[in-house]
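Participant: model this:
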Amino acid sequence: MYGVIQSAHSYWAYLVVIIVTLATINALSGFFSKREYQPKDFRISLFALIVTHLQLVLGIITFFVSPLVVWFSGTHKVGEIMKDPMLRLYNVEHPFTMILVITLITIGYSKHKKKLTSTPKFKTLAIFYAIAFLAMLYMIPWSNWF
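Facilitator: Predicted structure coming up:
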C-alpha cells in the first residue's frame, strides 16, 4: 500500500510543480503587464489551488503510512529525529513547509477573489503564489526525484 501511495504522491508532485509554476508566471506577467484579469486567469489560479490540495491529501496519507516517518513508531525520540537530517526532512521540514505552501496558495486565492480590479488581483496572486512557489522548490526532496 505504501508503494502505491508514495508513487501517487511523487508523480502528482510533477503536476503540482508545473501548474504552480504556470500560475505564478501568469500572476507575475499579469501584474507587470497591467493586463485585464480574464476567466482563464481565474481558472489557472483555481487549478493550482485544486492540485495542491489534492497533493496535500496524498501527502497526509503518505505521512501516516511511510516507513520514513517515525513519529508514531515509538522507535525514535524527538531528539534523534531532529539530529538525523533525513528523518528531520521527512518528519518535520517537508510536511511543515508544504502545509505552509498550500496555506499561502489558499490565502492568495481567497484574497484575490475579493479584489475588484485586475491589478490588485494579480498582485495578490503574484505575492502569495511566488512565495509559495519558492518555498515549494526549496523543500522538494530533489534527490528522490532524479
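Participant: point out where this structure drops to low pLDDT.
Facilitator: Where the chain drops to pLDDT under 70, the residues are 144-146.
Participant: top helix in it by residue count?
Facilitator: Using DSSP state H, we find that the single longest helix of the chain is helix 2-33.
Participant: which parts of it are buried?
Facilitator: Taking 16 or more other Cβ atoms under 10 Å as the basis for neighbour counts, the residues of helix 2-33 that come out buried are 5-6, 9, 12-13, 16-17, 19-20, 23-24, 26-28, 30-31. Quick note: C-beta positions are derived from backbone N, CA and C, even for glycine.
Participant: the next helix or strand after that helix: which residues count as buried?
Facilitator: Proceeding C-terminally, helix 2-33 gives way to helix 39-65 as the next helix or strand, assigned by DSSP states H and E. Within helix 39-65, the residues that count as buried by 16+ other Cβ under 10 Å are 41, 44-45, 48-49, 51-52, 55-56, 58-59, 61-63.
Participant: ok, then the element right after helix 39-65?
Facilitator: With DSSP H and E, the next secondary element past helix 39-65 is helix 78-83.
Participant: for that next one, name the packing helices and strands.
Facilitator: For helix 78-83, the helices and strands in contact under the criterion 3 or more Cβ pairs under 8 Å, 6 or more residues apart in numbering; DSSP states H and E are helix 85-88.
Participant: what packs against the helix it packs on?
Facilitator: Using 3+ Cβ pairs under 8 Å, 6+ apart, helix 85-88 is in contact with helix 78-83.
Participant: residues contacting the helix it packs on, please?
Facilitator: Residues outside helix 78-83 that contact it (Cβ atoms under 8 Å, 6 or more residues apart in numbering) are 70, 71, 87, 88, 91, 92.
Participant: how does it look with 10 Å?
Facilitator: 69, 70, 71, 76, 77, 87, 88, 90, 91, 92 (Cβ atoms under 10 Å, 6 or more residues apart in numbering).
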